[in-house]
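**Student:** Okay, sequence plus prediction incoming.
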Amino acid sequence: MVSSHRFQIPPPPAWLRRGPLRQGAFHSALHDERTTSLIGTALGVAFATAFVTGLISHELQHPASWFPLPTRPVWFYRFTQGLHVATGLASIPLLLAKLWTVYPKLFAWPPVKSAIHGLERLSILVLISGAIFELVTGLLNIVQWYPWGFSFTQTHFWVAWVTVGALILHIAVKAPAIARGLGNKSAPAEGEGAQALAGTETTILASIAAETEAGTEAGTETDKPDQPSGPDGRGAVSRRAMLTATGIAVVVVTATTLGESVSSLRAIDLFAPRSPQIGPQGLPINRTAAQANVAEAALDPQWRLAVAGPRPYSLSLAELAAMPQYTADLPISCVEGWSVNATWQGVRIIDLLAEAGAPPGAEVRVVSLERSGAYATMQMPHQYASDPLTLLALKLRGEPLALDHGFPARIIAPARPGVLQTKWVSRIEVL
Amino acid sequence: MRAAMGARLTAGTVGVAMLAYGAWHLLNKNDVGPTESIGKWLLGGVIVHDGILAPVVFAGCALAWRFTGVRFRRGLAAFALTAGSVAIVAIPSILRRGDNPNPTVTPLDYPRNLAVVLGGLAVCVVLYVLGGRWKDRRRTGSAETPDPEPVFATVAEHDISPQPDAVESAADPAQAEDSTEPGESQEPGKPAEEEDTETAHDEELDGQG
């Protein structure tokens, strides 16, 4: 007790203790460990899901040769990225509810008790700012709105590491409180637990735990939460009502946005930034021909597809159409979460590569007519290039490709992000 | 016990390592973009939530506590969280509607859809409250009976928005007296004793619930 006090920061003056800093300023029984850990568990599962699906999307966009992702099921990316955006959107009500339950801890007294306690609070600042950042940037990205100076994909990806790292640290620090909350046990009385722990444990983590258990739980009621405690007996919102409200919010947000990737929910797709049937040939587009500035080159009757390899050659559109045509039902699945199944017709990539004398298992680079942009050229790992379903598509739903869908020819491969389904293809290179 | 502590230490170390890995990449700004802009957006979100959104919500909680019954408040809580979340999801689409040269981005009538959903939610709350009153009346013959379910406090009466409270206290030291706990204003020079007083007081408060 005495030794732990030696390193403590001197207490702040009492006159500071006003407004929200006042003892007992927040009286709700719902700022307790149980409500917090129940909502926190749901939010943790959502963030873990978003992180894993985000890593999958990152791996698909920047493939590492030591970690090949499957080409089956063909809806693999449709599922993982739909899930990524859906869990992100569902996290909005969950994060709002979670922050509501812990908001009084922002005014915990004294604000900082020791260096370790200060670090722990700093890690919570990192966690909350990262969590809000990820949800806000993700939300704006799905409507293609970038009112900032940084690169969205890179920043969203690295802040996710920071956020999930801070989240894992937070879970490690709060493990006893989470265990009590989920096990429906009451928190130790203010002060006592901390002093007992500080007296017996000497490791750094133990002191973190002690600070956490005692300090940040200040202001929470430790008595049984089922007792009516309204000042005039009117009672208040129960925990069950609060959790039900959170559940309703998650369901409403999910139901009104998931229609952009789940066909059966299209009828109630009210807030998704894409509607799967709105667009040329009933299919949304990510980047128009005008935006990519390719209209002239793509509509040029002199267009030819060049195939570079051991036996290079080139083909006109008529010559391509004269080759054996194949049909594939493949989804177009965008990194922004929307996806649609469609029937594509065209020439198989394996046939084009065989004609060029490409060795089996060759990787391929696909070059678009686009002059600039991150996706003007695309690298295709061998598992997609050698997949019989991967097409250089000339037709969509039985009609020639619309200009915005990549006329005269585009790539469609199973289980790949839409931005890698290169449009307005001009050249295929065997690597 | 020791295994649990070991697991926590391991998890904590993994967390710190992941955090450092991400932070290192963010600070090596070769492909990320200006660090100041990232910092601004990181802190901006917290400031908007903790400084604006949360005080407004807690002020709303205090008002609802003072002026409404528990059944209405329950509906109101569900409405506030659902409507707020749906609005956050819809607002970017509303603001950006028609701005994108790509007409397949934000193609829906989002303002109308938001009005429909908010209206629908409001109707649900009204039906829930009226349904509860009707049930109470059938059971007891009086609509005035308080809800018999086990309930407990959400927001105490003095749990008004932290911001106005702080302003009030600062402006009027006399009025601040009733919001100050006894024992705090005395002997600020003796930290150890003061802490003990406060601990004792905390327990007393907890006892009252």
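**Tutor:** Alright, I've got the coordinates. Numbering: from 1, shown residues only, chains lettered A, B, ... in the order given.

**Student:** near chain B, anything from the helix or strand A:H117 falls within?
**Tutor:** Per DSSP states H and E: A:H117 is located in helix A:115-142. Yes - using C-beta under 8 Å from any C-beta of the partner chain, helix A:115-142 comes into contact with chain B via A:S123, A:L125, A:V126, A:I128, A:S129, A:G130, A:I132, A:F133, A:V136, A:T137, A:L139, A:L140. (Each C-beta comes from the backbone N, C-alpha and C, glycine too.)

**Student:** out of those, who's nearest chain B?
**Tutor:** Proximity of those to chain B (C-beta to the nearest C-beta) peaks at A:I132, which lies at 3.3 Å.

**Student:** OK, contacts around the closest one?
**Tutor:** A:I132 is in contact with A:L95, B:G45, B:V46, B:H49, counting by C-beta atoms under 8 Å, 6 or more residues apart in numbering or on different chains.

**Student:** My understanding was that the second one contacts A:S129; is that so?
**Tutor:** Yes - checked against C-beta atoms under 8 Å, the pair B:G45 and A:S129 is within contact range at 6.0 Å.

**Student:** Those two: which is more packed in?
**Tutor:** Using other C-beta atoms under 10 Å in any protein chain shown as the criterion, B:G45 and A:S129 rank with A:S129 on top: 23 against 20.

**Student:** which residues does the more buried one contact?
**Tutor:** With contact set as C-beta under 8 Å, 6+ apart, A:S129 has these partners: B:L42, B:L43, B:G45, B:V46.

**Student:** repeat that for 10 Å
**Tutor:** Contact partners of A:S129, counting by C-beta atoms under 10 Å, 6 or more residues apart in numbering or on different chains, are A:159, A:162-163, A:166, B:39, B:41-47, B:49.

**Student:** could those be laid out in TSV, adding distance to A:F79, pLDDT and secondary structure?
**Tutor:** Formatted as TSV, those follow (distance: C-beta to C-beta, whole Å; pLDDT from 0 to 100; DSSP: H, G, I helix; E, B strand; the rest coil):
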residue	distance to A:F79	pLDDT	secondary structure
A:V159	24	96	helix
A:V162	26	97	helix
A:T163	23	98	helix
A:A166	28	97	helix
B:G39	35	93	helix
B:W41	30	95	helix
B:L42	30	95	helix
B:L43	35	96	helix
B:G44	33	96	helix
B:G45	29	96	helix
B:V46	33	96	helix
B:I47	36	97	helix
B:H49	31	96	helix
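
**Student:** got the buried residues for the longest helix seen in chain B?
**Tutor:** Across chain B, the longest stretch assigned as helix under DSSP state H is helix B:110-140. With burial defined by 16 or more other C-beta atoms under 10 Å in any protein chain shown, the residues of helix B:110-140 counted as buried are B:Y110, B:N113, B:L114, B:V117, B:L118, B:L121, B:V125, B:Y128, B:V129, B:G132, B:R133, B:D136.

**Student:** circling back to that earlier point, want to try CSV for the residues of helix A:115-142 next to chain B, with distance to B:L9 and pLDDT as columns?
**Tutor:** CSV is the format used below for the residues of helix A:115-142 next to chain B (distance: C-beta to C-beta, whole Å; pLDDT from 0 to 100):
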residue, distance to B:L9, pLDDT
A:S123, 15, 95
A:L125, 22, 97
A:V126, 19, 97
A:I128, 24, 97
A:S129, 25, 97
A:G130, 22, 97
A:I132, 28, 98
A:F133, 28, 98
A:V136, 33, 97
A:T137, 32, 97
A:L139, 36, 97
A:L140, 38, 96
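
**Student:** filter these to the buried ones?
**Tutor:** A:S123, A:V126, A:I128, A:S129, A:G130, A:I132, A:F133, A:V136, A:T137, A:L139, A:L140.

**Student:** From these, pick the one nearest A:P331.
**Tutor:** Distance to A:P331 across those (C-beta to C-beta) is lowest for A:L139, with 23.1 Å.

**Student:** what's near enough to touch the closest one?
**Tutor:** A:V85, A:G88, A:L89, A:I92, A:W145, A:P273, B:I88, B:V89, B:I91, B:P92, B:S93.

**Student:** Look up how far chain A lies from the last one.
**Tutor:** Counting by C-beta to the nearest C-beta, to the nearest Å, the gap from B:S93 to chain A is 5 Å.

**Student:** Now that residue: which helix or strand?
**Tutor:** helix B:70-96.

**Student:** of all the contacts of A:I132, which two lie farthest apart?
**Tutor:** Between all members of the contacts of A:I132, the longest pairwise span (C-beta to C-beta) is found for A:L95 and B:V46 and amounts to 11.8 Å.

**Student:** Need the overlap of contacts for the two.
**Tutor:** A:I128, A:A131, A:I132.

**Student:** I'd like these written out as a markdown table, with distance to A:P20 added.
**Tutor:** Converted to a markdown table, those look like this (distance: C-beta to C-beta, whole Å):
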| residue | distance to A:P20 |
| --- | --- |
| A:I128 | 17 |
| A:A131 | 22 |
| A:I132 | 20 |
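
**Student:** Please verify my assumption that B:G120 contacts A:V252.
**Tutor:** Yes - because the distance of 9.3 Å satisfies C-beta atoms under 10 Å, B:G120 is recorded as touching A:V252.

**Student:** So, low pLDDT: which residues of the stretch 251-400 of chain A?
**Tutor:** Within the stretch 251-400 of chain A, the set of residues satisfying pLDDT under 70 is empty.

**Student:** For it, what lies in contact range of chain B?
**Tutor:** Contacts of the stretch 251-400 of chain A with chain B, taken as C-beta under 10 Å from any C-beta of the partner chain, map to A:251-253, A:256-257, A:268-280, A:283-288, A:290-291, A:336, A:338.

**Student:** Just the mean pLDDT for stretch B:78-98, thanks.
**Tutor:** Averaged across stretch B:78-98, pLDDT comes to 94.

**Student:** for that stretch, which positions count as buried?
**Tutor:** Going by neighbour count (16+ other C-beta under 10 Å), the buried part of stretch B:78-98 is B:78-86, B:88-90, B:92-94, B:96-97.
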